[in-house]
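Asker: Here's my sequence, what's the structure:
(chains A and B)
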Amino acid sequence: MNIDLENKIDSIKSRIGEKSPIVIKNFLIGTENELECAVIYVNGITNKEFIDRDILKPLMIYAKEDLGSKANLAEYLSKKYITSSSTNITIDLNNVIDAIKRGKTVVLIQDSVDYVIVDTSGGEFRTISEPSNESAVRGTREGFVEKLETNISILRRRIKDDKLVFENITLGRRTQSDLVLVYIDDIVDKDVLNELRKRITAIDTDFVPLMGYIQQYIEDSTFSFFPQSFSSERSDVIEANIMEGRIAVILEGTSSVMTLPTVFYEFFQAVEDYSQRTVISNFVRILRMLAAVIIITFPSVYLTLTNFNGELIPIKFIVPIVESRVGIALEPYMEILLMEIIVEFLREGGLRLPAKVGQTLSVVGGIIIGDAALKARIVSPATLLIVGVVTVATFLIPNYDMSLAIRFVRFPMLLITNFFGILGIAAGCFFLLVHICSLKSMGVPYFSIHKSDFKDFIVRYPLWMMNKRPVSIPNNNKYRQIDFRKIFRGNKDE
Amino acid sequence: MNKSEYELLSPSEVTCLLVGTMIGIGALILPNDVMATAKQDGWISVFLGAIYPLFVMFLSGYIIKNYSEVNILNLSRKFFGKFLGNTLNLLFSFQFIIICTSISAGFCNILRLYVVSFLEPIKIFIIVFIIAAYTSGKGLKVLAKTNEIIFYLTICMVILPIMALKDGSIINLSPILGINMKNIILGSKETIFAYAPVEAILLLPAFIRDKNRIRGSFFRAILYTTIIYTWITFITIYYLGPDIIPKCLWAFMLVTESVKVPVVTNFRFIFMFLWSIILFKTICNEYYFITFVLSDVTRIKRKIINICIFPFLIYLSTLYGNEAQRREIISAIVPKLTLFNISFIVVIVLIIFVKKVLKNEKGSIQKI
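Answerer: Alright, predicted model coming up:
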């Protein structure tokens, strides 16, 4: 073998790792003065069909000419013979190593300092499907997958704007995972972008396997129970967020895409809110808000009414409640806490189980344990009703992270109510309010009041009335639409 | 991203902060306070009581116009020297200390009477001041945002007793202006406690984004507060009449019972719960102002002051005793503190005025 070529291969092998599954294929090209070449790639992350069809076949079979005398041979070969649509010529060995690790194939040519990098990345990946955790009745069925290029292509297909930017960053000392920031250059606020870039590039760790890691590395308030960044597997949700001036963060190997900055109320917005009738959407959204209030306060209010302020329950209600509690040994506090913890057991257990076993768990948990607890006089039917209503209400929160946070809040609320009664609930609510007001996401307030943002807060105005992007999210382009309905409705729109 | 927007107070936040500083326990006892002298015309007294905050607005407007980047504490040190200035500043903070502790004492009394009779006062004070210290520690911007949100809650709470209109009688208000003007004006003197901590605006100029709109924000705050206070007094007199009001400690609480809620025997419970949040906010504001002044005077970090004053304020709050004693203490101390504060502000305004005149004269002599 040509010594020069051998040295190059050795240095690539040593940089990638001697025990990596590297494949090296040596071959000859040209007719009179044959030149020795080699292709190098990592097995498993490349598509061998591309290598055979676009590199080896043209070079070994069709390159029948005297190539020894050609100047800029690498460029000549990639222009004339290598049929791949994506080739790159470099002399920097670092680029070569990076490319090989990402599934690309490098062509080395005897007596040439140039390396030809051909995009042959492939390997087995999950196909695009609807995210099972975020289903929507009226929404796209296209969810993000683990392959970065696929996710980028999904977004590029959805947003064809020439100002759409994909910015690459490599994360993880050992994993060297690719991360892409996606934003629309003339909408995004540059200060927020710089802040996010600064925080992400500062991450210096061995590996970043999931989006949750990045969320925790870059957030402001580590010990807050509220999520400070929004993540979704739904492409339509991420598209809408980018359009509002947020920055999407896609990480290689995870189907969850994060958007920043985040505001509190976006966790209560669902895809259907915008695709169905305005009035219906508003009704559902109010139900959702009501559900959040019920989850946080219902067990505590029930506790304070039964434990401390029985005089406030009307006589018609108090008789059945008292009757239902006859013979129950546990105090209301312990009774509620016990049932709430059992519900959490069932929920957490159900998460890890296959769907079929999960059904068994819900039957055993929901019906058998509930019924047995009643018959054993461990809990009263009224308590069970309250816990049941709260559990059902938790399913109304559209975002999983926020749903978990709200579910968690009810425990400290219950505890403080047990000591301070209604004062405890008021103190807890006030604390939550102050806490939410104090949070920030990328320097942007997590909760702030802007008059125009009320159009998409507790209620959702008709879409044509929401001309402005949300003011809570800093942006450089205030308007997303004009009053186009005037063209056909005139000034007297409903 | 406009960073000043996230650090400094917007005009609406200034308005809500001032409204939040004024509206607290005073709103619940206002009808009782004015009824003693102004009888059925008490609501007119409350309306006229707005003259006091308007006067403060006029004076503070003049100070802020001339010194928009410094607060009254800096001006005091500048004009009276370090020792005297700091002493006056400490005296200026007394009003916040008294109002903060008296509101918490009143809050404790009303809570124990209506909803948490099982709790000892000390436990109530502990939870109230933990919340106050936590909120104060988060800074002025968070406090202002909290005030802004609770402002909307206050509006809802105040509007709800509109249902009492169908049960009350206009006869209770008649004859309108039946009391002589002197008594109505004397009645308005009783509203000072309700409007008192409005001087806090003079601590804030450096934290306000749009200095030109401070006066507008201040005026709106006074307007909203006056409307709310007048409405509360009006509806209480309309619903209960001048004979029943003096017999209840918190007359407005009886009005809230006109609201009927199906699952709860009376609305008072819900009202107390929501009004507790409003009271928390007022106590937090006062707590913040106390820490601000003390930190400025002592040059100790505000976060340390925040923790240090916590037991001291709890102790002070326990000294007020029952509601009758508390009101007696307030009516004895607050007018004196208000007199001091207003004199303090007036003197500062006069010094600024004199300095300005002297400067102008100097300038014109030099020109000649």
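
Asker: Enumerate the residues of chain A near chain B.
Answerer: Within reach of chain B by CB under 8 Å from any CB of the partner chain, chain A has these residues: A:189, A:191-192, A:308-309, A:311-314, A:317, A:419-427, A:429-431, A:433-434, A:437-438, A:440, A:443-445, A:447-449, A:474. Glycine gets a C-beta too; all of them are placed from N, C-alpha and C.

Asker: Skipping its backbone neighbours, what lies nearest A:Arg480 in space?
Answerer: Leaving aside its chain neighbours, A:Arg480 sits nearest to A:Arg469 (5.2 Å; criterion: CB to CB, 6 or more residues apart in numbering or on different chains).

Asker: how about the strands in the stretch 51-200 of chain A?
Answerer: A:87-90, A:105-109, A:115-118, A:164-171, A:177-184 (DSSP state E, counting those that start in this stretch).

Asker: Ok, which of those strands comes nearest A:Leu67?
Answerer: Comparison of these against A:Leu67 by CB to CB identifies strand A:105-109 as nearest, at 8.7 Å.

Asker: Pull the contacting residues for the spatially closest residue to A:Ile169 that is not a sequence neighbour.
Answerer: The shortest distance from A:Ile169 to any non-neighbouring residue, by CB to CB, 6+ apart, is to A:Leu179 (4.7 Å). Applying CB atoms under 8 Å, 6 or more residues apart in numbering or on different chains, we find A:Leu179 in contact with A:Asn168, A:Ile169, A:Thr170, A:Leu171, A:Ile200, A:Val208, A:Ile214, A:Val249, A:Ile250, A:Leu251, A:Glu252.

Asker: Would you reformat those as a markdown table and include neighbour count and pLDDT?
Answerer: A markdown table is the format used below for these (neighbours: other CB atoms under 10 Å in any protein chain shown; pLDDT from 0 to 100):
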| residue | neighbour count | pLDDT |
| --- | --- | --- |
| A:Asn168 | 10 | 91 |
| A:Ile169 | 15 | 92 |
| A:Thr170 | 14 | 91 |
| A:Leu171 | 21 | 90 |
| A:Ile200 | 18 | 94 |
| A:Val208 | 23 | 91 |
| A:Ile214 | 23 | 93 |
| A:Val249 | 26 | 95 |
| A:Ile250 | 23 | 95 |
| A:Leu251 | 25 | 94 |
| A:Glu252 | 20 | 91 |
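
Asker: From those residues, pick the one nearest A:Glu331.
Answerer: Taking the contacts of A:Leu179 together and measuring to A:Glu331 by CB to CB, the closest member is A:Ile214, at 44.0 Å.

Asker: now the closest one: how far from A:Lys198?
Answerer: With distances taken as CB to CB, to the nearest Å, A:Ile214 is found 14 Å from A:Lys198.

Asker: And A:Glu75, by the same measure?
Answerer: Counting by CB to CB, the gap from A:Glu75 to A:Lys198 is 38 Å.

Asker: thinking again about what came up before, mind giving me the PyMOL select for the residues of chain A next to chain B, buried ones only?
Answerer: Typed into PyMOL, the line below selects the buried ones among those, using 16 or more other CB atoms under 10 Å in any protein chain shown:
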select buried, chain A and resi 189+192+308+309+312+313+317+420+421+422+423+424+425+426+427+429+430+431+433+434+437+438+440+443+444+445+447+448+449+474
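
Asker: Show me the residues of chain A next to chain B that map onto helices.
Answerer: Residues of those located in helices (DSSP state H): A:191-192, A:317, A:419-420, A:422-427, A:429-431, A:433-434, A:437-438.

Asker: can you pull the buried residues of stretch A:207-218?
Answerer: Result for stretch A:207-218 [16+ other CB under 10 Å]: buried residues A:Val208, A:Met211, A:Gly212, A:Tyr213, A:Ile214, A:Gln215, A:Tyr217, A:Ile218.

Asker: how deep is A:Asn133 tucked in, by neighbour count?
Answerer: As a burial measure, A:Asn133 scores 12 neighbours (other CB atoms under 10 Å in any protein chain shown).

Asker: Same question for A:Thr417.
Answerer: A:Thr417: 28 neighbours (other CB under 10 Å).

Asker: show me the contacts for the residue of the stretch 1-150 of chain A found nearest chain B.
Answerer: Nearest to chain B in the stretch 1-150 of chain A, going by CB to the nearest CB, is A:Phe144, at a distance of 27.6 Å. Applying CB under 8 Å, 6+ apart to A:Phe144 gives the contacts A:Pro131, A:Thr150, A:Asn151, A:Ile154, A:Glu233, A:Arg234, A:Ser235, A:Ile238, A:Ile250, A:Ser255, A:Ser256, A:Val257.

Asker: what's the first-to-last distance across stretch A:366-379?
Answerer: End-to-end distance for stretch A:366-379: 14 Å, by CA to CA, to the nearest Å.

Asker: Quick check: buried residues in that stretch?
Answerer: Buried residues in stretch A:366-379 (16+ other CB under 10 Å): A:Ile369, A:Gly370, A:Ala373, A:Leu374, A:Ile378, A:Val379.

Asker: now do stretch B:329-339
Answerer: B:Ile329, B:Ile330, B:Ile333, B:Val334, B:Leu337, B:Thr338.

Asker: Then stretch A:251-267?
Answerer: A:251-252, A:254-267.

Asker: Then stretch A:477-485?
Answerer: By neighbour count on 16+ other CB under 10 Å, the buried set for stretch A:477-485 is empty.

Asker: Then stretch B:307-317?
Answerer: Applying 16+ other CB under 10 Å to stretch B:307-317 flags B:Ile309, B:Phe310, B:Leu313, B:Ile314, B:Leu316, B:Ser317 as buried.

Asker: Also stretch B:72-88?
Answerer: B:Ile72, B:Leu73, B:Asn74, B:Leu75, B:Ser76, B:Arg77, B:Phe79, B:Phe80, B:Gly85, B:Asn86, B:Leu88.

Asker: Then stretch A:129-142?
Answerer: Buried, per 16+ other CB under 10 Å, within stretch A:129-142: A:Pro131, A:Glu134, A:Ala136, A:Gly139, A:Glu142.

Asker: Who are the packing partners of the longest helix along chain B?
Answerer: Secondary structure of chain B per DSSP H: the longest helix is helix B:323-367. Other helices and strands packing on helix B:323-367, by 3 or more CB pairs under 8 Å, 6 or more residues apart in numbering or on different chains; DSSP states H and E, are helix B:51-66, helix B:72-80, helix B:82-114, helix B:192-195.

Asker: what residue ranges in the stretch 1-150 of chain B score low on pLDDT?
Answerer: B:1-4 (pLDDT under 70).

Asker: how about a cut-off of 90?
Answerer: B:1-8, B:24-43, B:46, B:49-50, B:52, B:61, B:64-71, B:95, B:113-118 (pLDDT under 90).

Asker: quick one, what contacts the residue in the stretch 301-450 of chain A positioned nearest to chain B?
Answerer: For the stretch 301-450 of chain A, the residue closest to chain B is A:Ala426, as judged by CB to the nearest CB, at 3.8 Å. Counting by CB under 8 Å, 6+ apart, A:Ala426 touches B:Phe273, B:Leu274, B:Ser276, B:Ile277, B:Phe280.

Asker: I'd like these laid out as JSON lines, including distance to B:Phe289, pLDDT and neighbour count.
Answerer: Shown next, in JSON lines, are those (distance: CB to CB, whole Å; pLDDT from 0 to 100; neighbours: other CB atoms under 10 Å in any protein chain shown):
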{"residue": "B:Phe273", "distance to B:Phe289": "26", "pLDDT": "88", "neighbour count": "18"}
{"residue": "B:Leu274", "distance to B:Phe289": "24", "pLDDT": "90", "neighbour count": "19"}
{"residue": "B:Ser276", "distance to B:Phe289": "21", "pLDDT": "93", "neighbour count": "23"}
{"residue": "B:Ile277", "distance to B:Phe289": "19", "pLDDT": "94", "neighbour count": "20"}
{"residue": "B:Phe280", "distance to B:Phe289": "15", "pLDDT": "94", "neighbour count": "29"}
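
Asker: Noted, bye for now.
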